[in-house]
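Peer 1: Quick check, what structure comes out for this input:
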Amino acid sequence: MTTVIYTAFDGTETIVEGAPGVSIMETALRNGVPGIVGECGGSMSCATCHVFVSDETAAFAGEMSELEDEMLDGTAVEREECSRLSCQIKLIAGETYRVTTPSEQV
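Peer 2: Residues are numbered from 1 along each chain as shown. Next comes the predicted model:
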């Protein structure tokens, strides 16, 4: 399994075990993690799964596509250098992911 540590904007942590190949967004939705809406179900058309990834997570989260980069311009909370759409980050076995959710998604 793989661990995902979701930190809410207020500092509250939720730790979830996820399956390799499943996205950070899907893992959050399946486990009722607050702060990730995922309105489009992962089709990269809404930006309601915006997260800020830790430096450690960024190292193995994969490259951001041009479309993801464009979608991040439409987030409810201003994007940062570490912003990603959690629907685009697939879990890798044995890794620990750390993401922080913004104060709002819509």
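Peer 1: so residue 27 touches residue 91, yeah?
Peer 2: Yes. Contact criterion Cβ atoms under 8 Å: residue 27 and residue 91 qualify, at 6.8 Å. No exception for glycine: its C-beta is placed from N, CA and C like everyone else's.
Peer 1: Which residues are in contact with each of those two?
Peer 2: Counting by Cβ atoms under 8 Å, 6 or more residues apart in numbering, the contacts common to residue 27 and residue 91 are 4, 18-19.
Peer 1: Buried ones among these?
Peer 2: The neighbour-count test (16 or more other Cβ atoms under 10 Å) marks 4, 18 as buried among the shared contacts of residue 27 and residue 91.
Peer 1: Go through the shared contacts of residue 27 and residue 91 and name the one nearest residue 48.
Peer 2: When the shared contacts of residue 27 and residue 91 are ranked by distance to residue 48 (Cβ to Cβ), residue 4 comes first, at 17.5 Å.
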